[in-house]
Structures are given as C-alpha cells and as structure tokens.
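>>> below is the sequence, then the predicted model.
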Amino acid sequence: MCGIAGAIQLKGGRMPDPDLIIRMCDLLHYRGPDGEGFMSGGMPDNSWLSQLQERRPAAVLSSAESPSPFVLGHRRLSIVDLSRDAGQPMSSTGKEVWIVFNGEIYNHAELRLQLEAKGHRFHTDHSDTEVILNGYLEWGTDLLCRMNGMFSFCLWDSRKNRFWFARDRFGVKPFYYTVHQGVFYFASEMKALLLIPGIPLEIIPQSVSDILTFSSVPPPRTMLEGIYKMPPSHSLLIENGSLRKPRRYYQPLDAMSKVSLTDETMIRDGIRELLKDAVEYRRGADVQYGAFLSGGVDSASNLAMLSKTDSLPVKSFSMSFRGNLGNYVRELVFAEEVSKLFHSNHFGLVMTEDHYYGMFDKMLFHCDEPVADTASIPIYLLSLIAKQNGVTVCLGGEGSDEIFAGYSLWKIHADFELFFKKFGLPGLPRLARASWKLPGLKNRRTFYHGWFDRVISGYPTYWGGTEAFSDGEKTDMFSESFRKTLADYKSFDGISRLYDEYLAYCPIPHPYNWMTYLELHFRLPEILLSRLDRMSMAASVEARVPFLDYRLVEFALRIKPDLKVKNGIHKYPLKEAMRGYLPDKIIDRKKESFNVPLNKMTRDLSDMEKTFDEFNKNTGIFEKEQISKIFRQGNSYRKWVLLNLGMWWKGTVSR
C-alpha cells in the first residue's frame, strides 16, 4: 500500500540527512501518490520540518526526542481508513511507539477488538497501522505471529530506544537495507538506497552466477555489495545504536509436524473454506477492488469467491497478444468465459510488439535487480488498466502452483528422484545407464545426466523453476579472471542453507515438500511476488494474493504429497475443491505456462546487445566468443537473462 524509507544513526555513525530521506520518498512516489509524511528523532536541528511544511502543507510531519538520531519517511497509497488521521508516520496515543508501514493487515478488525478489550485506545476509526502500534504495546514482537497480512515496517520504541523491522511470512512486500558511514538505511526498493552519496556500486560475483542459474539472487544478498534484502518471515532489531542479526520468526514447515491430511473430503472442504476466508479478508478496503483474470483455475477461483460475497459486479482484467502469439489467445477466451459465468465487468488488453518493446526501460527501472521474468511488462500494463478504471486493489493467483504442486516439471523431478533413491548409491550408475536408453529419456540425456549427478552428490534434483545455465555452461562462459574471483562457488551454494533447513524441519522428506519450501523462500518472493509488487505498485495498484494466506499454506503443507498429483492430475486437491464452483472445462484443461513469446515481441535487440557488450568490456566477466555463440543460437530465454543483466548494469552501476 505504500513506500517507506529511513536512516538511523548507529553507534559512532554520522548524523542522518533529512533531505536524503525526502529524495528517497520522492523517488518512490508511485508507491504512495495519496500522501506523504516524515518524522525525526534526536536531531539537533529540526528547522527542516518547518521548511518542508511550507513547501508541502499536506505532509504529515512530526519530531521526538531520541538518544539515537533518525529520520523516517512514508509515501501513502490510501486503501484502509482514508482519513488524514491514518497518515504516517503514526504514533500510539501515548507517543510511546511510532511506525512507518507498507502493506495490509487483513485481520486488523479482530485484533482491534482484542486490544480494545485489554484497554488499548485508538485515535483512528479503523486504521490497520494503529493496530500494529497497540499490538506491539500489548504483545511485543510476538505480534508478528498474530497478524495475517503482507507487510514490511519500521517501528520505533521510544521507551527502549529500539527500532524493529519485519517482513511478512512469504515476502509479498519488500524490504532493502544497508549500512553506510555508520548509518542504517532502509527502503521499500533498492533504487532508493542508491541515492545515498558515496555508496559503492560493486557487483557481487556470486550474485552474477546466481542470476544466470536462478534468474534472481537468493536473499539476503542482492546484486550489489553491502546492500541486503530481508528474507521472508524475518525481523531485525537496532537496540541502543547496535544492529542485531536478522532472525526468523516463522517456519512454515512446522505445519508438517502435525498429522498428515489424507481424507480427501476433509481436504476438499478445508481448502474451499480457507480460500473463501482468505479472499474475504483481501476484499477489505475503502477503495474499489478487482481481480487479475487468466484462463486458469487459480484466478478463476479468486473471482468465484469474490463474486459470491459481492452484490456488485467485480472488475476483472486479462490480456492477450495480437495475432497468434503463444497461449494467450486461448487464455483470453477462457478468461472471458469465466467473466461471463460470474458476471464480472471485464477489461481485456491486446498487447502488441510496440507495447512490449517500448517498456524495457520502465520494467528495468522498477524491478531494481535484473530479474529476467518476461511477465513483468504484461502485469504492469494490466495494473495501469485497472487504475484507469478506478481499481486500486487487485487479487492475483500467485502461490497456488507452489503449495499444490501445479507444475508438470515437478512430477518429472519427483519421479526421477524417487526412482533412483529406491536403489541406493551402489546400483545407481547401472540403473542410470539403463534409464538413459528409455524412449522418454534418450533424447534428453544431457538434461537427465545433470539430475543424476545431483542425486549421486546428495543434492535434490530440483533447484528452482527458472534454471537458465548449468555450472558447466557458466564455467565455459566466464572469463578466467572471473572464475578465479568466484573460487569454488557453485550454484547450489545459493540455496544450500534452505536445503539444510528443509532437512532439519521436515519430518516427511518428499520432493514435493522440498520444491514447495524452496519456492516459498526463493522464487516466489524474489521473482513472482517481486514482479507483482513492483509492477502493480508502479501503477499505484496494490496486488493481494489469497493463496498465500498463511493458514491455507499450512493446510496445504499438511496434505500427503502423493495426493497433490493424483491420476496424473496436477493440483488435484484444489481442483476437486473448486468443482461445483467452476466449470469442469476450466478445472480440467491442461495448464499453459505464462510465457511471453519473446522471439515475436522483441523485434530488434541490437541496442540491448550493444549495452551488454559495453557491460562486458567494463567488467570482464564473460568470454566474448561464448556469449556471441549464445546470442547466435537463438534461445530467447537465455538471451533475455543476459540482456537483462547488461541493461540493469547500464541503468544502475554505470549511471
């Protein structure tokens, strides 16, 4: 719902600069075009506040005494409690604690009733921000596990000289931070931190390697040295000027320690009720809401649940490409059928090459890092159409495939891994040689050889759904000097921490459980949710994701893995839960991936290739001949990964 930024003096650090925080928030204006606010604590001179008030009379401005000087900033997208009283930075009624907050707390009404029963007073009518303040006063940092929402925030406790930062369970909302010259800086987007004078812009070699494998960088690293992103379900403290290490406050795999769910009737009814409740929570707003609608079961389920609780037609938004490009023509046909079924007020976008080709720079600006996801531009354009039609909140279907095993590749991985693990290491080589001759595998030997190497090395075969280059391919691509810089770093090193956690917490190891755990902590927050947040907020639209309601996620994690794909049907539990709500032809049709036809949409990449060449001349990362070979071979996705890296460098490091 907003953009936040701030600077806090650590022990021995320099004084924060209020003008810098103002510029950071101005850069993030699209995240909050409806209002702004700033506050300072412990600053020797607060004349900047009165000067700012003259220039921006509508701004919410405050100051307070503090032993640790700080400045906080906020840009507001008004969604819940549109009054000025709900503006930020906001304090508790007694001024004990203050907050700048980005996101939504969906169960704020229930929490408010609990807090009022305990004697807490509220000065706003129904602001979810104030619920966090009073919730902290009542429950301390345990508040995080009581909140159902998406959020990142900075809360200052004036009584303890404590700053508390947190990111929601699944990383729907972003949080970046760095320390420079003894000052802790944070912001909703990394680009705001790049405004810090003198901040080094040094590319992390390991992050380059990660981008080429995973198409993103695993948290807490980013592409740049010294700038971090807080992992999902983590919090961070600064106490008396000392920065603590981030700590995890929520572990989704704890749900697996409970009895596995095997009764299909109970599973079906449970999913239906939890999804209905999750959608009901996410329609809570004082502005108009709508839904992104593809032709699939996920977004159709959202619209079905919305329509059953809304007396007025819901606005829905879909897209296709001009002509016969990819699967989008069929997607639009099915989306329109779902729209008619639930009587939504439907808006369709037909995207052309000009739409796509003209949006590269804007996409790269908003993405912050070289996230090579082809769907970013369509999401941005759909968000623009939603905003133009009066919609500020849109529901999306992200998370469903990850918690219900909706990808066909997952079953292939799982079958492969489970087959070989039955026989133990001594028999693996012989079985592998025999299997490579099977009709289904013989034409994909390189692909499966890599998986086999992982199995005999003790790794899972699945490393994410966006692998672009293998370790061997990267070795050939990288220059000798860059390989020395990387030393012994391997792709799996980027996710090994998550695999160790999974093995430690998961009582029932199964490939599907590992895939879900990896995606919840890496691909979802750093690609799918990142693109959704950046692209929707670029249009001043807030996207909400019912399938990542933590109660539904925990329920899905308890479902026996073998039931998630049954009789060859992917996402079997969700599809059975939605029978009767959705037509069978929507539920049973084959899943079609959301892939942009890059070869058609990117007519002329010569300028981008020149930028990549310039990037490589300045960094010396790649062997030129190997890169030229990749560009000539015509694999559009691999080229897209490389070109995104070069274009990001141009807009970020070489600016």
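Cool, the structure landed.
>>> please make it C-alpha for all contacts and neighbour counts, starting now.
Fine.
>>> how does the protein divide into domains?
Domain ranges of the chain: 2-250, 261-403+523-598, 409-519, 604-652, per automatic domain parsing.
>>> of those domains, which shows the lowest average pLDDT?
Mean pLDDT is lowest for domain 409-519 among these, at a mean of 81.
>>> what's the first-to-last distance across that one?
End-to-end distance for domain 409-519, by CA to CA, to the nearest Å: 14 Å.
>>> repeat for stretch 123-142
End-to-end span of stretch 123-142 (CA to CA): 23 Å.
>>> tell me how far that stretch lies from the chain's centre.
25 Å (CA atoms, centre = their mean, to the nearest Å).
>>> same check on stretch 402-421?
On CA atoms, centre = their mean, the centre of stretch 402-421 falls 23 Å from that of its chain.
>>> tell me the contacts of Thr466?
With contact set as CA atoms under 8 Å, 6 or more residues apart in numbering, Thr466 has these partners: Thr213, Phe214, Ser215.
>>> and it, that one's in a strand?
No: assessed with DSSP: H, G, I helix; E, B strand; the rest coil, Thr466 is coil; it does not lie in a strand.
>>> show residues contacting the lengthiest helix in the chain.
In terms of residue count, the longest helix belonging to the chain (DSSP state H) is helix 264-282. Residues outside helix 264-282 that contact it (CA under 8 Å, 6+ apart) are 106-107, 261, 302, 305-306, 309, 395, 544-547, 549, 551-552, 555-556, 559, 573-574, 576-578.
>>> what are the pairing partners of the helix or strand following that helix, and which direction each?
Where DSSP states H and E defines the elements, the next helix or strand beyond helix 264-282 is strand 289-292. In the sheet, strand 289-292 lines up against strand 315-321 (parallel), strand 393-395 (parallel) (DSSP bridges).
>>> okay if I get these as JSON lines plus mean neighbour count and distance to Phe419?
Putting the strands paired with strand 289-292 into JSON lines (neighbours: other CA atoms under 10 Å; distance: least, CA to CA, whole Å) gives the following:
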{"stretch": "strand 315-321", "mean neighbour count": "24", "distance to Phe419": "40"}
{"stretch": "strand 393-395", "mean neighbour count": "25", "distance to Phe419": "39"}
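>>> now render those as a markdown table, adding distance to Lys484.
Formatted as a markdown table, those follow (distance: least, CA to CA, whole Å):
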| stretch | distance to Lys484 |
| --- | --- |
| strand 315-321 | 44 |
| strand 393-395 | 46 |
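>>> which stretch among those strands comes nearest Ala375?
strand 315-321 (11.1 Å; CA to CA).
>>> in the helix or strand Lys629 falls within, what's buried?
Mapping Lys629 onto the secondary structure by DSSP H and E places it in helix 624-633. In terms of neighbour count (16 or more other CA atoms under 10 Å), helix 624-633 has its buried residues at Gln626, Ile627, Phe631.
>>> and for stretch 454-466?
Across stretch 454-466, burial judged by 16+ other CA under 10 Å covers Arg454, Val455, Ile456, Tyr459, Pro460, Thr461, Tyr462, Trp463, Gly464, Thr466.
>>> which of those residues sit farthest apart?
Ile456 and Thr466 (22.4 Å).
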